[in-house]
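**Q** coords below, sequence missing:
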């Protein structure tokens, strides 16, 4: 039974660990790197990189692999992409498993840039420390300028600060990362470039909100898994989605943060995927 994993970010890329959510005796596991992410080339490329293109890529992948219908598994930005794909191609979706609901809306971007300091002030101070005081009122453009500038040293420094900020806020129990290898640094650069690009150019306006697609999605069996203490994607969006979409199973993980690797989140995701085995 085919299942496709849509990674987060945008730009986070896939890892071998992602396969471990799925029973290989039952599932045909399909994991790919979205445009500019992971093994896709050119790494970090933002040209022709937007939500409609990614939705089209997924459908082309389905056709190329000769799959009639498949399960969709997406977390964080992957939940945005999963909902957008399902809204465009509902008849191709057996089920949806959505984790850490994110809808690419302006208030979510504002929260990422400024709101998370309420919970992780130390991480936020490190995030903004490379930005002069007079530019901190517009962190998005300040980072965009550095990430897309000609100074490669400043570009990498901005990328590492961005990636470490996000990583520090992702888990229920904070951990300090180091990004020292070339692979880690290149991954951080792609993540920062693509997230900053999407936050600046691809925020979904209210009149096009994915919430408006729920009438199309309503009959697709869906499980929503969200950590109570998800700081990167606060639970309010998931709750609003639940109110509009009561047919979907709504699983609040009381001891979960944002990361799919938080033990309690991981367990609920595996349960959802195991349940999906009964669906055809």
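**A** Looks like it arrived, so ask away. Quick caveat, the model's predicted, so the values are computed rather than measured.
**Q** these two touch, right, residue 257 and residue 229?
**A** Yes: with contact defined as CB atoms under 8 Å, residue 257 reaches residue 229; the gap is 5.2 Å. For glycine as for every other residue, the C-beta is placed from the backbone atoms N, C-alpha and C.
**Q** ok, those two, which is more surrounded?
**A** The neighbour comparison of residue 257 against residue 229 (other CB atoms under 10 Å) goes to residue 257, with 24 against 16.
**Q** Which secondary structure state does that one sit in?
**A** Classification of residue 257 by DSSP: H, G, I helix; E, B strand; the rest coil places it in coil.
**Q** list residues touching both of residue 257 and residue 229?
**A** residue 172 (CB atoms under 8 Å, 6 or more residues apart in numbering).
**Q** Compute the first-to-last residue distance for stretch 26-34.
**A** Taking CA to CA, to the nearest Å, stretch 26-34 runs 25 Å from one end to the other.
**Q** hmm, who's touching that stretch?
**A** For stretch 26-34, contacts defined as CB under 8 Å, 6+ apart pick out 1-7, 9-11, 13-14, 18-19, 22, 39-40, 54, 57, 61, 65, 70-71, 81, 273, 277.
**Q** These in strands, which ones?
**A** Those of the contacts of stretch 26-34 mapping onto strands are 2, 3, 4, 5, 6, 70, 71, per DSSP state E.
**Q** quick one: which two of those residues are the most distant?
**A** Across these, no pair lies farther apart than 2 and 6, at 13.4 Å, counting by CB to CB.
**Q** ok, residue 34 to residue 43 distance?
**A** Counting by CB to CB, to the nearest Å, the separation of residue 34 from residue 43 is 12 Å.
**Q** can you check residue 24 too?
**A** Following CB to CB, the distance that separates residue 24 from residue 43 is 28 Å.
**Q** higher neighbour count, these two?
**A** The neighbour count for residue 24 versus residue 43, taken as other CB under 10 Å, is higher for residue 43 (18 against 9).
**Q** if we can go back for a sec, just the ones in strands among the contacts of stretch 26-34 now: which is nearest residue 244?
**A** Of the ones in strands among the contacts of stretch 26-34, the one sitting nearest to residue 244 (CB to CB) turns out to be residue 6, at 21.3 Å.
**Q** hang on, the closest one packs against residue 55?
**A** No: under the criterion of CB under 8 Å, residue 6 makes no contact with residue 55, lying 10.3 Å away.
**Q** Tell me where the chain has strands.
**A** According to DSSP E, the strands that the chain contains are 2-6, 28-31, 70-75, 93-99, 222-227, 249-253.
**Q** how about those, which one is nearest residue 184?
**A** strand 28-31 (19.7 Å).
**Q** Please compute how far the closest one lies from its chain's middle.
**A** Chain-centre distance of strand 28-31: 18 Å, with CA atoms, centre = their mean, to the nearest Å.
**Q** Name the residues of that strand that come out as buried.
**A** For strand 28-31, burial by neighbour count (16 or more other CB atoms under 10 Å) applies to 29, 30, 31.
**Q** and which of those residues is nearest to residue 267?
**A** residue 29 (18.8 Å).
**Q** Thought residue 198 was touching residue 10, still the case?
**A** Yes: Residue 10 is within contact range of residue 198, at 4.9 Å (criterion: CB under 8 Å).
**Q** shared neighbours of these two, anything?
**A** Counting by CB under 8 Å, 6+ apart, the common neighbours of residue 10 and residue 198 are residue 77.
**Q** if you count what's nearby, which of these two comes out ahead?
**A** For the pair residue 10 and residue 198, the greater number of neighbours falls to residue 10 (31 against 22), based on other CB under 10 Å.
**Q** now the residue nearest to that one when sequence neighbours are not counted: how far from residue 77?
**A** The shortest distance from residue 10 to any non-neighbouring residue, by CB to CB, 6 or more residues apart in numbering, is to residue 194 (4.5 Å). Note on residue 194: its distance to residue 77, by CB to CB, is 9 Å.
**Q** now residue 5
**A** Going from residue 5 to residue 77 by CB to CB gives 12 Å.
**Q** Residue 155 - how many residues pack around it?
**A** By other CB under 10 Å, neighbour count at residue 155 equals 18.
**Q** Now residue 255. Nearest residue, chain neighbours left out?
**A** residue 264 (4.7 Å).
**Q** how much space between the one you found and residue 21?
**A** Noted for residue 264: a distance of 14 Å to residue 21, by CB to CB.
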